[in-house]
Each structure stands twice: as C-alpha cells, then as structure tokens.
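K.L.:
What follows is a protein structure lacking sequence information:
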Ligand code: UD1
Ligand code: MG
C-alpha cells in the first residue's frame, strides 16, 4: 500500500528545561547533526504527504534546519497534546475525511534513533489492526520518567499514565510509551480537542487521547519496539549516552563497509563521514561534519578533520588538522602539526611537518618544507597562494599572499616571499650569512672581563 497518505507531525516546541540550555533541545547535536535532522532523515524515504514541525517562539534555527518541512509555532508550549493540536490546525482541510491524509504519525523531536523500517512497520501495523490509535511501546532497563502503558486483559491499550501522575503500582509497569503514535486522521482533531490539563504538570498531555478514544469506544493498541530506537533525550547525561550509542553504530557501519578502526572506541565520527574501503583510522581521531576519505588512505592518531576531502592513498597526521575546504588529491602526505584550510593539494604533494596552508593551491608532487607557512591574512582581507607542480618550498618559508610560486621553482629555507617566483627559478629571500673567523673567542673573552 502506498504510504503517502500520512502526515508526520514532529514536536519540538518544548522548553527542554532539563537540558538547561539557551539552545532548543532538538538542535543539540548527535554525531555532528542536530537531533531533529536525524529524525527527518529516517522519515525521508517514506515520503509523507506533509511534514509539520511544531516549534516554540524564537526557534527560527529549528524552522531553518527542518525546511522545506513546514513549521508552526506553538506559543506558549502547553504540553504535547496542545502541540499536536497546533499542528493539526495547520493541516486543516488536508486531513480525512475532507482531505486525502488518512493517518497522522506523531514523533517527538527528541527521539533521534528511529529507523525508517520501524516507522513504516508502525504505519503498516495500524492499518493491519485498524486501531484508531497505535502507540509505540518499549521496555527500557529503567522505566524512569516515561509514560506507563496500561493494557487490558486482552492486550488492548487502555490508557497512558505519565510517570508524574502514576500510582505506586503503575510506576512498576515496565512497558512504557516510546513517544511515537499513529492516529487515524478522521478522529485526530476531536480527540485532541477533548484534552484538559488536570494533571501533575498542568499540561495538555497528548497521551491522554488514548483514554478519550477508549471512552468513545475506539480501539487503541500498542506495539513493542526496540528500546534502543526510542531513547528520548531530556538531559545532558542522556545526550552523552545517545552520542555514545550513535558512535557505536557509526563505527560498526564503517567497519562493516571495510574500514579498519584500530581502537574504534576512540574514533569519533559524524553521521555524514564517508570512509572508503581499506581506509585505516588510527586511535584518537575526530571527524567533524563533511569529511570524505578515499580508498586506502591512513588517518594517523590525534588528527582532527572537518569539511575535508582526503584522496585515496593519502596519509594524514599524526596530529594534523584539516579544516573546511581542505582537499587532498591522491597520495598526499600531511604530517604532524600541519593545518590546512580552504586549500587543494595536488597528487603526491607533501607537507610533512609544522605547516599552515590556507587559501592555497599546491601543485602535484610539490614539497612544503618543515615550518613553511602561507601568510594569507593581513588582519582585514584574505589572499590566495598558488604554488605550481614539482616545486620545493624550503623550511621556514613565509609565503606572503597574494603570491604565486611557479612550477619547478625552489624557494630557499627561511625565505619571506613577497613577490611571485618564476617557474624553475631559485628564490632566496633572507638575510645574508656572515662568518667572522675567530670572533667568537674574542667576544667570550670580552664578556668574561666584565664579570
Ligand atoms: C513524553 C510522553 C511520555 C513518553 C516520552 C517518550 C507526554 C505527555 N509524555 O514525555 O509518555 O514516555 O515522551 O520520550 O507526551 N513538546 C512540544 N510542546 C510542548 C511540550 C513538548 O512541542 O508543549 C515537544 C518537546 O519539544 C519534545 C516532545 O514534545 O520534543 C516531548 O516532550 P517532553 O517534554 O520531552 O516529554 P517527556 O516528558 O519526555
Ligand atoms: Mg522527552
């Protein structure tokens, strides 16, 4: 059956009080990506007919990141039930029976681990059972603050009791609300319209629609899903646990695809890190967003890469930093304490020790000596440095941009290069060495006399 007749509502307007943060909770990152983006990624293959994200006042950052999904503002945030009501109003006319949307899938923006298959399975299960409401259940090790699912003798869902409102007996229930719900669209508006705030938090709880539906004689069911996928993030400690879990998944996926991680638990990946076959990652390497590494490349210990492309067979680090726009073509060597930003290094180029290369082009096979740097910034503007193929830049050279060093040129160590160097030229731009025979002995003698 086509799945395009459902709308997804993602709740993200809560204050996230327990995060104690100035940033909206759903913008906190897991594996380098805001947690709400993970959720949208999982939804994407299901092509929902509409995606409505409920955001709070002054959450423009959330609206921007979720675009082109629609966003609606819930102000003030009066609870998850009120948030769904706000979204349903935005969908008015598009929902059955007037419109073509038959189901509403409600997701919480702070549940970033859901897999696409799980979501499609949930929609299929609601259709199979024809329940008015299908709620995801899980059995975490600690039921803690999750809403408890109360079942009738025949296994149907009777009601959801929030932890804060649960009796001692209800607290002991191990099956809890995982935070996803599928609601038949034709009932949705009526159900949320009947919510009230008579509970411990004085909020409109979405979870109360189950009790309301049961009173109307509508069938409600639950389906148990793996707790791992339903983890909700409410505190910094939970954020750290989620990060650890996501990292384990990403490392596993990298290894499954043919990448060697020598000490996987010390390597930190982003959800968009792309590592080709036979890449080797040594211990203690961190990947920020936007990194690709080509086949057989080796990233040595204590390197930090973001927004960089490393070509096949290249070697980076130890202790290297690749910043956004660093492009290493094939078989490039970037060694210890080398920083590269917005620069392209051609095939076989080498910068093995203590360099800064910014806003530059470095030709194929060119060697950048130890301590050579590009001076790309005059305090106001940035300029480019162009170095041709097969050039040799001596140690401790300062290339003052804008400047071009021609192909095959040699720049003597310690030069401060302020003018273009022609191809195949030898350029030396440093003070002359003067040797005065015997003068050291004289000087020492004079100094001692002063003692
Ligand atoms: C909620 C459920 C609980 C479930 C748990 C699963 C309710 C009442 N409780 O509790 O049964 O076990 O999730 O993780 O639904 N939000 C809004 N507007 C609001 C309030 C919240 O958009 O007015 C959003 C939040 O941004 C968040 C989501 O809804 O993304 C859930 O809110 P949260 O406060 O985290 O609910 P929980 O206490 O975790
Ligand atoms: Mg929550």
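P.N.:
Everything's here; your move. Quick caveat, the model's predicted, so the values are computed rather than measured. Numbers count the residues shown, from 1 in each chain. Ligands and ions are numbered 1, 2, ... in the order given.
K.L.:
So residue 231 versus residue 225, what's the distance?
P.N.:
From residue 231 over to residue 225 the distance is 11 Å, taken as C-beta to C-beta, to the nearest Å. In short, each C-beta sits where N, CA and C put it, glycine included.
K.L.:
Ok, residue 185 next?
P.N.:
Using C-beta to C-beta, residue 185 is found at 22 Å from residue 225.
K.L.:
When these two are compared, which one has more neighbours?
P.N.:
Set residue 185 next to residue 225 and count neighbours by other C-beta atoms under 10 Å: residue 185 wins out with 23 against 20.
K.L.:
you'd agree the more buried one is up against residue 93?
P.N.:
No: with contacts counted by C-beta atoms under 8 Å, residue 185 stays clear of residue 93, the gap being 11.6 Å.
K.L.:
from the stretch 201-350 of the chain, which residue is nearest to ligand 2?
P.N.:
Residue of the stretch 201-350 of the chain nearest ligand 2, by C-beta to the ion: residue 232 (3.9 Å).
K.L.:
which bits of the stretch 51-200 of the chain sit near ligand 1?
P.N.:
By the rule C-beta under 6 Å from any ligand atom, the part of the stretch 51-200 of the chain lying against ligand 1 is 54, 74, 77-80, 82-83, 108-111, 145-147, 160, 162, 176-177, 179.
K.L.:
one more time with 5 Å, if that's ok
P.N.:
54, 77, 79-80, 83, 108-110, 146-147, 177, 179 (C-beta under 5 Å from any ligand atom).
K.L.:
which stretches of the chain have low pLDDT?
P.N.:
1-4 (pLDDT under 70).
K.L.:
all helices for it, in order.
P.N.:
35-43, 60-66, 80-90, 116-129, 168-171, 185-193, 209-215, 227-230, 236-256, 439-449 (DSSP state H).
K.L.:
Return the list of helices and strands in contact with the longest one.
P.N.:
Applying 3 or more C-beta pairs under 8 Å, 6 or more residues apart in numbering; DSSP states H and E, we find helix 236-256 packed against strand 29-30, strand 260-261.
K.L.:
For these, give me CSV that also has distance to ligand 1 and mean neighbour count.
P.N.:
CSV is the format used below for the helices and strands packed on helix 236-256 (distance: least, C-beta to the nearest ligand atom, whole Å; neighbours: other C-beta atoms under 10 Å):
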stretch, distance to ligand 1, mean neighbour count
strand 29-30, 14, 20
strand 260-261, 31, 17
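K.L.:
Using TSV, lay out the ones you listed together with distance to ligand 2.
P.N.:
Listed next are these as TSV, based on distance: least, C-beta to the ion, whole Å:
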stretch	distance to ligand 2
strand 29-30	14
strand 260-261	32
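K.L.:
The nearest residue to residue 122 once chain neighbours are set aside: neighbour count?
P.N.:
Using C-beta to C-beta, 6 or more residues apart in numbering and skipping the chain neighbours, the partner closest in space to residue 122 is residue 182 (5.8 Å). By the measure other C-beta under 10 Å, the count of residues near residue 182 is 25.
K.L.:
Now the chain against ligand 1: closest residue?
P.N.:
For the chain and ligand 1, the shortest gap (C-beta to the nearest ligand atom) falls at residue 147, measuring 2.3 Å.
K.L.:
phi, psi of that residue?
P.N.:
phi -70, psi 140 (degrees, to the nearest 10).
K.L.:
What distance do you get for residue 425 to ligand 2?
P.N.:
Noted for residue 425: a distance of 66 Å to ligand 2, by C-beta to the ion, to the nearest Å.
K.L.:
which residue packs closest to that residue, ignoring adjacent ones?
P.N.:
Once flanking residues are discounted, residue 425 sits nearest to residue 409: 5.1 Å by C-beta to C-beta, 6+ apart.
K.L.:
What residues does this protein have near ligand 2?
P.N.:
With C-beta under 5 Å from the ion as the criterion, the chain meets ligand 2 at residues 110, 232, 234.
K.L.:
One more pass at 8 Å, please.
P.N.:
Within reach of ligand 2 by C-beta under 8 Å from the ion, the chain has these residues: 14, 108, 110-111, 145, 179, 232-234.
K.L.:
Would you mind listing which of the residues you listed are buried?
P.N.:
Neighbour counting with 16 or more other C-beta atoms under 10 Å marks 14, 108, 110-111, 179, 232-234 as buried within those.
K.L.:
Narrow those to those in strands?
P.N.:
Residues of these located in strands (DSSP state E): 108, 179.
K.L.:
Turn the buried ones among the residues of the chain next to ligand 2 into a markdown table, including distance to residue 354.
P.N.:
Output for these, formatted as a markdown table (distance: C-beta to C-beta, whole Å):
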| residue | distance to residue 354 |
| --- | --- |
| 14 | 48 |
| 108 | 49 |
| 110 | 44 |
| 111 | 46 |
| 179 | 51 |
| 232 | 47 |
| 233 | 41 |
| 234 | 45 |
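K.L.:
so which of the buried ones among the residues of the chain next to ligand 2 comes closest to residue 204?
P.N.:
residue 14 (12.4 Å; C-beta to C-beta).
K.L.:
Excluding residues flanking it in the chain, which one is nearest the closest one?
P.N.:
Using C-beta to C-beta, 6+ apart and skipping residues adjacent in sequence, the residue nearest residue 14 is residue 77, 5.6 Å away.
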